[in-house]
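Asker: okay, sequence plus prediction incoming.
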Amino acid sequence: MDSFYTIVFYSLAFCSTYVQVFFLVTFFEKRRSIVKHPHVLELKNYPTVTVAVPCYNEERTVRKTIESLQALDYPKDKLSIFLIDDGSTDTTWEVFKKFENTNGISIFKKENGGKHTALNLALSKCNTEFFGCLDSDSLVHPQALKRIINMFEGDPKAMSIVPSIIVLDPKNIIQNAQKAEYEMAIYIKKMLGFMGGIHVTPGPFSIFRKKVFDDLGEYRKAHNTEDQEIAFRMQENGYKIDHCNDAYVYTITPSSIFKLYKQRLRWVYGSINNMIDYRRLLFRKKYGTVAFFTIPAGIISIVSVVFVFFMLIYNIGKFVYTKFTQISTVGLSNYHNLNFDWFFFDTKTVFFFSIILYILLVTSVIIGRRMANEKRAISISVVYFIVIYSVLAPLWVLKAIFNSFISKESSWTLERIPSKT
């Protein structure tokens, strides 16, 4: 068993280290290409844009979301805002009606059908050159749309631009742990953008050329992760996705372990099943980075979490069994081997490999914080992230795998528990 553990551990550790080092090499190679737009950007042309806000029971947050869209530094006659109530049972519709007669805002009410159906309703009404979505628990930076459109104007091949998502006003340890995760994601998303390997166009303010949907069709349910499925579909058809690192979107994240678990269960379940649905892309040369790097890295991360969890359980069980056997043999009164001795401290390669991986992880967070314009390079949130996710991530990954086997899907509506702002 120990030999098997060693072989698998080193294989996974090598792959995980390779992924992190590859990101770091890409960063040093491309860092001068990371765009920093001026504080106030002016464009030569202002194309028409529609932004949809799909809602289910978001009475407490959606007003600020709408107001942030109204505050965008973009010509009002070029921007259309569609508010879609997906069968809410609270007062979301009443909040919408307060904006009913506002120029540039249209409101729609439909029976509950899931986020993808709300977005498709918006698409059916859209006649602009660009289309995007803003989740109803997120706020957008006033310059974000200009910065994204500027990237489209600079690259005619770009078909979707995704933003940098930052945790809004974290109030507890759970939200601070997510803050570090989101900061790391900014860095990773930018590196994947350089490599052409972005596989998710997240709900908070990803913008598309409308041509994407005209050519490839509307959103699909996609295991309640439509933002990943459309990205896979674009990659399969050779449609470029890029990342605008200073197009900031501020999102409210789950404030409790239960809410975080429900959210990540849906995300991981959707990721597993979307990778299964698009397995035809894997290791196919024509699909480039997504086929040879992004999807394999996703698989490795899931396998690694499961493996480390079970080996931890195995080692704890082995330790407890050994000690129990020793005590049973000599008796507790005669057993004195309870003191810690540095001689027995694990200094094998396994330990040093783990240290290297954690150093690379912290480096990723530091680079992401710089991209997010954080003043300090490091924060206690990194510690929260490492500790909390080390404990919780295996739980939602294992549950997502189990649900995939029994085909039990997570619900968008059940997850949308309103949060206080």
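Answerer: That came through fine.
Asker: which residues are in contact with Ala222?
Answerer: By CB atoms under 8 Å, 6 or more residues apart in numbering, the residues touching Ala222 are 116, 228-230, 270, 274, 277. Quick note: C-beta positions are derived from backbone N, CA and C, even for glycine.
Asker: how much space between the closest residue to Trp267 other than its chain neighbours and Glu111?
Answerer: Closest residue in space to Trp267, ignoring its immediate chain neighbours: Thr225 at 6.6 Å, by CB to CB, 6 or more residues apart in numbering. Distance, Thr225 to Glu111, by CB to CB, to the nearest Å: 22 Å.
Asker: the more surrounded of those two?
Answerer: Thr225 (26 against 8; other CB atoms under 10 Å).
Asker: for Val268, see how far away the more buried one is.
Answerer: Counting by CB to CB, the gap from Thr225 to Val268 is 9 Å.
Asker: kindly report the same for Val19.
Answerer: 18 Å.
Asker: so Pro394 makes contact with Ser304?
Answerer: No - look at Pro394 against Ser304 with CB atoms under 8 Å: they stay out of range, at 10.1 Å.
Asker: ok, now which ones touch the residue lying closest to Val62 once chain neighbours are set aside?
Answerer: Counting by CB to CB, 6+ apart, Val62 lies nearest to Ser136, which is 4.4 Å off, once chain neighbours are set aside. Neighbouring residues of Ser136 by CB under 8 Å, 6+ apart: 53-55, 58, 61-62, 65.
Asker: likewise for Ser381?
Answerer: Counted by CB under 8 Å, 6+ apart, Ser381 has contacts 170, 176-177, 179-180.
Asker: next, Ile165: phi, psi?
Answerer: phi -100, psi 130 (degrees, to the nearest 10).
Asker: that one reaches Pro204, doesn't it?
Answerer: Yes - the pair Ile165 / Pro204 is scored as a contact, 5.3 Å apart, by CB under 8 Å.
Asker: longest helix in this protein, please.
Answerer: helix 295-330 (DSSP state H).
Asker: residues of that one that come out buried?
Answerer: For helix 295-330, a neighbour-count test (16 or more other CB atoms under 10 Å) marks 295-298, 300-302, 304-305, 307-309 as buried.
Asker: okay, who's weakest in those by pLDDT?
Answerer: The member of the buried residues of helix 295-330 with the lowest pLDDT is Val308, at 81.
Asker: what average pLDDT does whichever strand in the chain runs longest get?
Answerer: Under DSSP state E, the strand in the chain containing the largest number of residues is strand 240-251. Mean per-residue pLDDT for strand 240-251: 97.
Asker: tell me which residues of the following helix or strand past that strand come out buried.
Answerer: Next along the chain after strand 240-251, taking DSSP states H and E as the criterion, comes helix 257-277. Residues 260, 262-275, 277 are the ones in helix 257-277 that count as buried (16+ other CB under 10 Å).
Asker: closest to Ile406 among the residues you listed?
Answerer: Tyr269 (11.1 Å; CB to CB).
Asker: excluding its backbone neighbours, what's nearest that closest one?
Answerer: Ala400 (4.1 Å).
Asker: now the end-to-end length of stretch 279-288.
Answerer: Stretch 279-288 has an end-to-end distance of 14 Å (CA to CA, to the nearest Å).
Asker: need the contacts of Ala222 in a markdown table (columns: distance to Ala144 and pLDDT).
Answerer: Shown next, in a markdown table, are these (distance: CB to CB, whole Å; pLDDT from 0 to 100):
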| residue | distance to Ala144 | pLDDT |
| --- | --- | --- |
| His116 | 23 | 96 |
| Gln228 | 21 | 97 |
| Glu229 | 24 | 98 |
| Ile230 | 20 | 98 |
| Gly270 | 25 | 95 |
| Asn274 | 26 | 96 |
| Asp277 | 31 | 96 |
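Asker: what's the closest of the residues you listed to Met159?
Answerer: Looking across those and measuring by CB to CB, the closest to Met159 is Ile230, at 10.6 Å.
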